[in-house]
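**Student:** Provided below are the primary sequence and the corresponding predicted coordinates.
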Amino acid sequence: MAFGNITRERFPVIYERMRRAIPRPLHGPCPASTLAEPVRSRYRSLREMPVDYRAIEREWTALYTGS
């Protein structure tokens, strides 16, 4: 998953984007295992790697809400 490109943006900008996307610690299943299939699925449809975290926003949010 990508939050930006360090060669095109300053690290603090990318880091802030990461902090907004990951607002608190996870207390559940491994995110890599949980998101592997959604990332693969988006890759198949978008044909672009890394998959932008916003492309799997529903699954990403479920890591925090449990829904």
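**Tutor:** Happy to help now that I have it.
**Student:** now the helix ranked longest in the chain: how far from the chain's centre is it?
**Tutor:** What stands out as the longest helix in the chain, according to DSSP state H, is helix 31-46. Distance, stretch centre to chain centre, for helix 31-46: 10 Å (Cα atoms, centre = their mean, to the nearest Å).
**Student:** same thing with stretch 48-61?
**Tutor:** With Cα atoms, centre = their mean, you get 5 Å for stretch 48-61.
**Student:** now stretch 18-33
**Tutor:** Worked out by Cα atoms, centre = their mean, stretch 18-33 lies 9 Å from the chain centre.
**Student:** Identify each buried residue in the host helix or strand of Tyr64, please.
**Tutor:** Secondary structure from DSSP states H and E places Tyr64 in helix 57-65. Buried residues in helix 57-65, counted by 16 or more other Cβ atoms under 10 Å: 59-60, 63. Every residue, glycine included, has its C-beta placed from N, CA and C.
**Student:** Run through the neighbouring helices and strands of that helix.
**Tutor:** helix 31-46 (3 or more Cβ pairs under 8 Å, 6 or more residues apart in numbering; DSSP states H and E).
**Student:** ok, residues contacting the helix it packs on?
**Tutor:** The contact list for helix 31-46 (Cβ atoms under 8 Å, 6 or more residues apart in numbering) reads 1, 28, 49, 51, 55-56, 59-60, 63.
**Student:** mind redoing it with 7 Å?
**Tutor:** 1, 49, 51, 55-56, 59, 63 (Cβ atoms under 7 Å, 6 or more residues apart in numbering).
**Student:** Now the two most distant members of those residues.
**Tutor:** Met49 and Leu63 (20.6 Å; Cβ to Cβ).
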